[in-house]
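Chemist: give the three-dimensional model of this entry:
(chains A and B)
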Number of protein chains: 2
Amino acid sequence: MKLADIYMKFQSDIAVIEKELEATVQARHDVLKQASTHLLKAGGKRIRPVFVLLSAKFGHYDINVLKHAAVPLELIHMASLVHDDVIDDADLRRGKKTINSQWDNRVAMYTGDYIFAKAVETSTFFDNPEIHQILSNAIVEMSIGEIEQIRDQYNWEQNFRIYLRRIKRKTALLIAVSCELGALAAGADRHIQRQLSIFGYNVGMSFQITDDILDFVGTEKQLGKPAGGDLRQGNVTLPALYAMHHQPEVKSLIQDILGNEYPEHADVTPILDAINKSGGIEYSLSISDRYLQKAYHALESLPETEAKTYLLEIAAYIGERKF
Amino acid sequence: MKLADIYMKFQSDIAVIEKELEATVQARHDVLKQASTHLLKAGGKRIRPVFVLLSAKFGHYDINVLKHAAVPLELIHMASLVHDDVIDDADLRRGKKTINSQWDNRVAMYTGDYIFAKAVETSTFFDNPEIHQILSNAIVEMSIGEIEQIRDQYNWEQNFRIYLRRIKRKTALLIAVSCELGALAAGADRHIQRQLSIFGYNVGMSFQITDDILDFVGTEKQLGKPAGGDLRQGNVTLPALYAMHHQPEVKSLIQDILGNEYPEHADVTPILDAINKSGGIEYSLSISDRYLQKAYHALESLPETEAKTYLLEIAAYIGERKF
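Modeler: The predicted model follows:
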């Protein structure tokens, strides 16, 4: 069973969510409408809604209830991307600060706020305050994760623990919450909710580590941008951490080439070569796999259903993912 | 009775809210802690919490319940200020885009997100989904208001209705919600909630119009910045709208001097003179007063209590406010 088959299987329910997403961000005026439509059209794998749906299969599955859990999760993800874009925009136009580019950033910031608020508003469909707590806590943690990422940029002294905590907040938590809320909204029992949350957390960690590996080993064609972009931007990820930890000369190399701010014309090829030779990629793959095994393990006590098979399939896909 | 006396009267309860605000935004790491502490120290009149407390006097008043309504409202206000600062920062440093200034803006953006999310999280103290709906809707509307303000900048063709709708979203709504939630959290009856909401809306409209007038008639010393700042930034407010509507030559003057983007060295003195002579200030004062009268009227059917006297005092203060 391929990932595409799972999407096919849930096609009509994903369509319901897509429609609800559209209706939710629909605004009465042009700028917001354009920005939101653009975002929706950009698509994405809707992986969080899929986790909601699959997790809900362990309880009472009703798409007209579940959509109110899936939509906020996808909106929170979208809003965080919009706010990331504010930063990226600023980055790309460095030194060319026009009224026009400023206008874009402002709109992006408030569009992000709008989508966050819409996410919260949609979730008020549920009376259960636990759902609101889980969702608002996820936004709190994600914001902290973003600020941590800024704080830790170009800090070549950080340790593994800091990296893992950061990707937990940035990525793993929202996937854990997607699984948890799916089960909760469907009224699945506490044990199942808990196990699905653990599953989602571990899948999310594996997902992000894989992403971080790809940034080192991908070709420019595969990545759509030159390899080593994370490091160039000062984002220290697992392969680099491993290499610096085990080979002090790699750390010196990185410090020499990248220093402590965005290097406009630095050639990172020697760093990429050194990290590849350090064993950092293999190490990161093994850590990613360890999280994947924990994810599998979390589902062991759950009934052998089709939904469980699908969840394991998605986890496996994430582990093997090339791009 | 002066405004200060009302604050004195509620001193200990405001202190409880202040402490709760501090505990709520307290984060485990440095950047956020610094940013939040800085914000709290900057203070402000805590006018929204005061409206919550006074409105709650019409029901069962318990500060340990009410603080959970007052804190989110103040946090939402604070978060919106933080996001406004992102823009202001960018403005001040135009053409001097450094890594450092960029870092500040990013931190400010995610700190704002963090505070918004904390506001929502705090409000989950209440089981009542109506409270969450009202709060999240307020954030939605405020974001739309901000985007409208951006869209309408340097648009000299906008009409009164657009201006009024914008200040409703930007300012009046959150004050209306403060009054409404105070009453709701205290279990006051529906009629009282409704009237307090109407009161808050009208006070908020009057408050913003007064603010917009002050930007034209204040001295540089009183305002802490040169008069006419709103117009210079392309924010079209009531005095200017009136002048442009009644004297086409004022509109031409504004278009000639300000054009459609931020004028670095434009001298706005002739515009300020023309608006002052147009009767736009007197007209705006009369509109502000009309809202104030509606605010008074909204409380007529409410019992004659001390809290009602205080609310009327605050409204009157806002109407007479010089700075």
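
Chemist: only C-alpha atoms from now on, for both contacts and neighbour counts.
Modeler: Fine.

Chemist: lowest average confidence, helix or strand, in chain A?
Modeler: helix A:30-42 (a mean of 68; mean pLDDT, DSSP states H and E).

Chemist: can you tell me which helices and strands the helix or strand following it packs against?
Modeler: Elements were assigned by DSSP states H and E; along the chain past helix A:30-42, the next helix or strand is helix A:47-56. Helices and strands touching helix A:47-56, by 3 or more CA pairs under 8 Å, 6 or more residues apart in numbering or on different chains; DSSP states H and E, are helix A:11-25, helix A:63-92, helix A:173-185, helix A:306-320.

Chemist: distance from helix A:47-56 to the middle of the chain?
Modeler: 15 Å (CA atoms, centre = their mean, to the nearest Å).

Chemist: for that helix, give me every contacting residue.
Modeler: Contacts with helix A:47-56, where a contact means CA atoms under 8 Å, 6 or more residues apart in numbering or on different chains, come from A:14, A:17, A:61, A:63, A:66, A:69-71, A:73-74, A:174-175, A:178-186, A:188, A:196, A:307-308, A:310-311.

Chemist: centroid-wise, who is the farthest residue in chain A?
Modeler: Outermost residue of chain A with respect to the C-alpha centroid, by CA atoms, centre = their mean, is A:Glu249; its distance is 32.0 Å.

Chemist: off-centre distance for whichever strand or helix holds A:Ile192?
Modeler: Counting by DSSP H and E, the element that carries A:Ile192 is helix A:190-217. The chain centre lies 9 Å from the centre of helix A:190-217; the measure is CA atoms, centre = their mean.

Chemist: check which element follows that helix along the chain.
Modeler: Scanning forward in sequence from helix A:190-217 by DSSP H and E, the next helix or strand is helix A:220-223.

Chemist: residues touching A:Ala185, list them.
Modeler: For A:Ala185, counting by CA under 8 Å, 6+ apart, the contacting residues are A:56, A:65-66, A:69.

Chemist: out of those, who's the most crowded?
Modeler: With neighbours taken as other CA atoms under 10 Å in any protein chain shown, the top of the contacts of A:Ala185 is A:Ala69, carrying 30 neighbours.

Chemist: what's the burial count for the closest residue to A:Tyr61 other than its chain neighbours?
Modeler: Spatial nearest neighbour of A:Tyr61, chain neighbours left out: A:Ala186 (5.8 Å); criterion: CA to CA, 6 or more residues apart in numbering or on different chains. A total of 24 residues lie near A:Ala186 under the criterion other CA under 10 Å.

Chemist: send the alpha carbons of stretch A:122-142 over as PDB?
Modeler: What follows is stretch A:122-142, C-alpha atoms only, in PDB (Å, rounded to 0.1, in the frame of the first residue of the first chain):
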ATOM      1  CA  THR A 122     -13.200  27.000  14.500                       C
ATOM      2  CA  SER A 123     -12.200  24.800  17.400                       C
ATOM      3  CA  THR A 124     -14.900  26.400  19.500                       C
ATOM      4  CA  PHE A 125     -17.200  24.000  17.800                       C
ATOM      5  CA  PHE A 126     -16.200  21.700  20.600                       C
ATOM      6  CA  ASP A 127     -17.500  22.200  24.100                       C
ATOM      7  CA  ASN A 128     -14.600  20.300  25.600                       C
ATOM      8  CA  PRO A 129     -12.100  22.800  27.100                       C
ATOM      9  CA  GLU A 130      -9.400  20.100  26.900                       C
ATOM     10  CA  ILE A 131      -9.400  20.500  23.100                       C
ATOM     11  CA  HIS A 132      -8.900  24.300  23.400                       C
ATOM     12  CA  GLN A 133      -6.100  23.700  25.900                       C
ATOM     13  CA  ILE A 134      -4.300  21.300  23.700                       C
ATOM     14  CA  LEU A 135      -4.600  23.600  20.700                       C
ATOM     15  CA  SER A 136      -3.600  26.800  22.400                       C
ATOM     16  CA  ASN A 137      -0.700  25.000  24.100                       C
ATOM     17  CA  ALA A 138       0.500  23.800  20.700                       C
ATOM     18  CA  ILE A 139       0.600  27.400  19.400                       C
ATOM     19  CA  VAL A 140       2.400  28.500  22.600                       C
ATOM     20  CA  GLU A 141       5.100  25.800  22.200                       C
ATOM     21  CA  MET A 142       5.500  26.400  18.500                       C
END
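
Chemist: mind checking how far it is from the chain centre?
Modeler: Per CA atoms, centre = their mean, the displacement of stretch A:122-142 from the mean C-alpha position of its chain is 18 Å.

Chemist: residues of it that come out buried?
Modeler: For stretch A:122-142, the neighbour count (16 or more other CA atoms under 10 Å in any protein chain shown) marks A:122-124, A:128-129, A:131-142 as buried.

Chemist: repeat for stretch A:141-151
Modeler: Under the neighbour-count criterion of 16+ other CA under 10 Å, stretch A:141-151 has A:141-150 buried.

Chemist: same question for stretch A:265-274.
Modeler: By neighbour count, with 16+ other CA under 10 Å as the criterion, the buried positions of stretch A:265-274 are A:268, A:271-272, A:274.

Chemist: equivalent analysis for stretch A:218-231, please.
Modeler: Going by 16+ other CA under 10 Å, stretch A:218-231 has these buried residues: A:218, A:227-228, A:231.

Chemist: before we move on, what about stretch A:180-190?
Modeler: In stretch A:180-190, counting by 16+ other CA under 10 Å, buried: A:180-188.

Chemist: if I look at the residue nearest the centre of chain A, how far off is chain B?
Modeler: When chain A is reduced to its mean C-alpha position, the closest residue under CA atoms, centre = their mean turns out to be A:Thr171, at 3.9 Å. According to CA to the nearest CA, to the nearest Å, A:Thr171 and chain B sit 16 Å apart.

Chemist: so for that residue, what's the pLDDT?
Modeler: Per-residue pLDDT puts A:Thr171 at 94.

Chemist: who's in contact with the nearest residue to it once chain neighbours are set aside?
Modeler: Take A:Thr171 and drop its neighbours on the chain: the residue closest to it by CA to CA, 6+ apart is A:Gly204, 6.0 Å away. Applying CA under 8 Å, 6+ apart to A:Gly204 gives the contacts A:168, A:171-173, A:175-176.

Chemist: can you check A:Asn159 too?
Modeler: For A:Asn159, the residues meeting the contact criterion (CA under 8 Å, 6+ apart) are A:Leu241.

Chemist: give me the pLDDT for it.
Modeler: At A:Asn159 the predicted local confidence, pLDDT, stands at 93.

Chemist: for A:Ser143, same thing?
Modeler: The predicted local confidence for A:Ser143 is 91.

Chemist: same deal with A:Ser284?
Modeler: pLDDT, A:Ser284: 96.

Chemist: touching, it and A:Leu238? I think so.
Modeler: Yes: counting by CA atoms under 8 Å, A:Ser284 does reach A:Leu238; the two are 6.1 Å apart.
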